[in-house]
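A.B. asks: quick one: sequence plus predicted model below, questions after.
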Amino acid sequence: MFTFSRTASAFASALFVLAVLAPTTSGFPAIPPRPAGSAVNGVRAAPPPPQKPNIVVFYIDDMQPNDGRLWDDPDITPNLYNLFVAHGIHFDNAIGETPLCCPSRTTLLTGLHTHNTGVTLNNAALFNPGETVAKELQKSGYDTMIVGKYLNKVYPFSDAQWLPHEAGWSSMDVFQNDQRLVPDRYYYHYDIRQIGGTVTHYDEPHSTQFVTDTAITRLQQVPAGVPDFLLLTPYTTHAPDIPMPQFVGDPRCANMPPWDPPSYNQADVSSMPAYVRNHVVNNLPAAGYPMVQFCESMLGIDWMVGRVVSELTAEGRIDNTLFMFTADNGMTWGEHRLPLNKDTPYATPVPLYMHWSARWGNKPLDINEYVSDIDFAPTFCDVGGCTLGPYPTGQTKPDGLSLLPLLDGTVSNLGRDALLQENWEVPWASLRTTPENPLGLWHYVEWRNGDRELYDIANDPWELTNLAHDSQYANIVSALSQRLQELVAEGKASSPGTIKVVQDSEPNASSDFHFSGSLGSFALDDDSNKTLPRSRSFSGLSAGDYTIAQTQPAGWTLSSITCPPGSTVDVASGTVTVHLTSSQVATCTFTDVRHKPDASIALSSTGPFKGTNRFSAKVLKSQTLKRTGVAAGAEYDFWVQIRNVGKVTEPFSLKADVTDAPSMSVAIESNSVDVTLAVTAGTFTTASLAPGASQNLLLRVLVSPSAQVGDKSVVVFHAASVSEPTSVDVVRAITTH
């Protein structure tokens, strides 16, 4: 067990040297004031006991530990060095459970495994924010603030969809724009949303400066005696990784050596899985991965840290502030031939430093215990006097553990023998054993395609030799596989899931489609069949694998099966295995070749695309699709093809308006992008389409169970382009009951 002394000596502000004076914000839009009543649910709590610290988290984007070289030089990053390296506590073995932005950010907020948050993709719509550390800290008297990146794909959220995400935050100043359209919107030309729906567009300043300036403003608005929970989440160093302008070409970074660890551009990959072997060795710079631009970007983070420290020093809060520096996920910078990759088990290590002068003093310390980002929220609640749980799924406590006993030095380990790592976008699950595991230190990986990896961390820390297929390690593989299954199941028992099977065939056909497998035998047909449904849901299912097989009637050919990531699909046999996670609703759609778009729309100066339309559709600027005899409580699909017949590559937007239809709602779903807008009126934006390219969108009309015979419902879909926003093409879907 390690031993060390703790002193509550004052942390002199002279330790901190601002690397660069604060850039002027003259000419930029003013930071909007905090909405009235947004602090602590509109009521200021009484001053809390003095032992509650302020909590300030610097949470950067896409950063690996890299031996600390980007922040351990006082001549380059003096503020990061002084606060965290020279006077802080460093966790040598910290991991981000899922190396993907949105899953890791919801883990930070909840303390739950990814399979228990259900956020398996970069999609905020998957997150149920019913219980978060922000909510619990706010109840405990904290002013809770987030500035910067919140979650991915919040840009289509309506005000109503935002409401549950705002709960627990005293203020939110978060990016809302769709970065897919203009990549540099991570750093310029961004939209900022506040609680209550105020959205302000900024062309400048650089987003790291905006996050810093706004955080200072919010800190100044917190009354004395009220502790702060401040989450600063800049885009730095997410690609395209644009440094703040004053740091581009900074001589401090000119001699930053390239990243060239033993695993860089790995030469011998004979034991490695196929995804490593398939990367070409000469695709990376021979000298190592360039670090100059990363260094220049980290100068902006160092400037941010200095500004925040100076503000808290001026407010007299510096000693009783718990600072944390970490990242949402790690990255590979050429390790195992993988440039800028964060989907693999190699990208789970993250930097983690903490500092709290009033409790832990100012002496540097390394902690070797293996810890995870599932531990962050329980730690914040432990020091802030709150408790996490129950969660919307019924889970009563977090999956993570408080790190406070380690930080206080009262224990040498947390009693865990392994830490879980999991990814559902590129599906794999893995574990890292801890020194408390009798098998020793191992990194074990299972891919959904059957690949296995095993690394002896004690003797092969850079993971150069995969031992999974070596017979002498068979017993270790078997034992770790069993332990991995136990970790993947943690918390699932109380959170049943649902599988929905959808048959997407040509409308008005009479053939039935028969299904068999783990869910039993059942039949589906297209949505106009009078006796069979087009979909069926199976709820109350335990987490695990479920196999579904479809029998094709004569004359039909299955073209695709669309299921959530983590599923195994075999179109040739019409079979899919769904890997259902805790509280997940997994939809699998079986689509046939003969199903074609109901309508085609496009924007150009010469008029709409002249395509062949199904149903009663006229090839005009305004197209009408009409179905009669539909049932109350049913759902009906229209497929619309958006085609770019212009000369410029650009995105298109599709807006759904429901008119004369109080009993109807609309969902817009892309058949290639994981976006669902289950709202009465919403907008979907395509990716950029090249001239002549097209994208199919599924327009799902949901008819209320209360609809009456004789009702007429009209849904109007308006399509527009970026270059011609006033040129609109329209499809009218008329449904009568």
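C.D. replies: Okay, I see it.
A.B. asks: got the end-to-end distance for stretch 406-424?
C.D. replies: End-to-end distance for stretch 406-424, by CA to CA, to the nearest Å: 31 Å.
A.B. asks: average pLDDT for the helix or strand hosting His579?
C.D. replies: Per DSSP states H and E, His579 falls inside strand 575-580. What strand 575-580 shows for mean pLDDT is 86.
A.B. asks: what's the following helix or strand after it?
C.D. replies: Downstream of strand 575-580 (by DSSP H and E), the next one is strand 585-592.
A.B. asks: and the pLDDT for Val675?
C.D. replies: At Val675, pLDDT is 26.
A.B. asks: for Pro74, same thing?
C.D. replies: Value listed for Pro74 in the pLDDT field: 96.
A.B. asks: that one falls within a helix, correct?
C.D. replies: No: Pro74: not assigned to a helix; according to DSSP: H, G, I helix; E, B strand; the rest coil it is coil.
A.B. asks: show me where the stretch 1-150 of the chain has its strands.
C.D. replies: Residue ranges of the strands in the stretch 1-150 of the chain, as given by DSSP state E, counting those that start in this stretch, are 54-60, 89-95, 143-148.
A.B. asks: just those strands: most buried one?
C.D. replies: For the strands of the stretch 1-150 of the chain, the largest average neighbour count (mean count of other CB atoms under 10 Å) is found in strand 143-148, namely a mean of 26. In short, each C-beta sits where N, CA and C put it, glycine included.
A.B. asks: which residues sit in contact with the most centrally placed residue in the chain?
C.D. replies: Nearest residue to the geometric centre of the chain (CA atoms, centre = their mean): Cys102, 1.1 Å. Residues near Cys102 by CB atoms under 8 Å, 6 or more residues apart in numbering: Val119, Leu121, Asn122, Asn123, Ala124, Leu126, Phe127, Leu151, Asn152, Lys153.
A.B. asks: skip the chain neighbours and tell me the closest residue to the fifth one.
C.D. replies: Once its chain neighbours are removed from consideration, Ala124 has its nearest residue in Leu151; the separation is 3.7 Å (CB to CB, 6 or more residues apart in numbering).
A.B. asks: and the one you found, how many neighbours?
C.D. replies: Using other CB atoms under 10 Å, Leu151 is surrounded by 24 other residues.
A.B. asks: and it, what does it touch?
C.D. replies: Applying CB under 8 Å, 6+ apart to Leu151 gives the contacts Cys101, Cys102, Arg105, Thr106, Ala124, Phe127, His165.
A.B. asks: show me what Tyr59 is bridged to.
C.D. replies: Thr326 (DSSP bridges).
A.B. asks: okay, it: pLDDT?
C.D. replies: Tyr59 carries a pLDDT score of 98 in this model.
A.B. asks: please tell me how far it sits from Tyr150.
C.D. replies: Distance of Tyr59 to Tyr150, computed by CB to CB, to the nearest Å: 11 Å.
A.B. asks: one step back: now the residue nearest to the centre of the chain: how far from Leu126?
C.D. replies: Taken as CB to CB, the span from Cys102 to Leu126 is 8 Å.
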